[in-house]
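**Q** please work out how this folds:
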Amino acid sequence: MRRLLLVDDEANVLSALQRAIRQCDFGEEVRVETFSDPNLALIRSREVAFDVVVADFRMPQMNGVEFLRAYKEIQADSVRLILSASTEFETLMSAINQAEVFRYLTKPWQQNEIKDVLALALVYRDELRENLHLFNELREQLGELTPQEREAQRLEAEEPGITKVNWGPDGSVHLD
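**A** This is a model prediction of the structure:
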């Protein structure tokens, strides 16, 4: 099962994007979560691992680049996409350079564009995971990966987020 996170301050855009994704066949189950508040999306991203995140560029609380930069700090290996009606060169460059977005989706979008870009993003996510797996195998063979690190990775692969601790502002541990 794959997980997608959609973040846009406009509910109608989220609904339309979700409908467009439902019409796509990716060959496996895809769960989509939507948020109109980027801060709530960041909180959720600490709880659940997402394969792909799509964020609108222009949002009132924080723009898409700021959101994706913060999101990257939480889930660096998720594939990040930005959605915008803007065609300004500076917007594109900041998205690419600051948030390291994989693709830039335009508003309005075409159905085939959504399917193609998300399919590419999922393949890219698989490649990132495989590269990390191979890197860690090499580290283990060279004696650089401890048994504890290997076990933590195994647990994280089985239950994403299990190795993360949610700390409260007072130092308490928050259980979900």
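**Q** where along this structure do the helices fall?
**A** Secondary structure of the chain (DSSP state H): helices located at 11-22, 38-45, 64-74, 89-99, 111-141, 147-158.
**Q** those: which one's closest to Val53?
**A** helix 64-74 (5.8 Å; C-beta to C-beta). Backbone N, C-alpha and C define where each C-beta goes, glycine included.
**Q** for stretch 141-157, what is the distance to the chain centroid?
**A** 23 Å (C-alpha atoms, centre = their mean, to the nearest Å).
**Q** do stretch 13-21 as well
**A** From the chain centre to the centre of stretch 13-21 is a distance of 17 Å (C-alpha atoms, centre = their mean).
**Q** just send the helices of the chain back as CSV, with mean neighbour count, mean pLDDT and distance to Glu28 too.
**A** CSV is the format used below for the helices of the chain (neighbours: other C-beta atoms under 10 Å; pLDDT from 0 to 100; distance: least, C-beta to C-beta, whole Å):
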stretch, mean neighbour count, mean pLDDT, distance to Glu28
helix 11-22, 15, 94, 13
helix 38-45, 18, 96, 21
helix 64-74, 20, 93, 23
helix 89-99, 15, 74, 27
helix 111-141, 14, 88, 9
helix 147-158, 12, 81, 17
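**Q** output those helices as a markdown table; include the columns distance to Arg3.
**A** Formatted as a markdown table, the helices of the chain follow (distance: least, C-beta to C-beta, whole Å):
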| stretch | distance to Arg3 |
| --- | --- |
| helix 11-22 | 12 |
| helix 38-45 | 10 |
| helix 64-74 | 13 |
| helix 89-99 | 19 |
| helix 111-141 | 10 |
| helix 147-158 | 14 |
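**Q** out of these, the one nearest Asp56 is which?
**A** Among the helices of the chain, if distance is taken as C-beta to C-beta, the winner is helix 64-74, at 5.5 Å.
**Q** which residues touch that closest one?
**A** With contact meaning C-beta atoms under 8 Å, 6 or more residues apart in numbering, helix 64-74 is reached by 7, 38, 41-42, 45-46, 53, 55-59, 62, 78, 80, 82-84, 94-95, 98-101.
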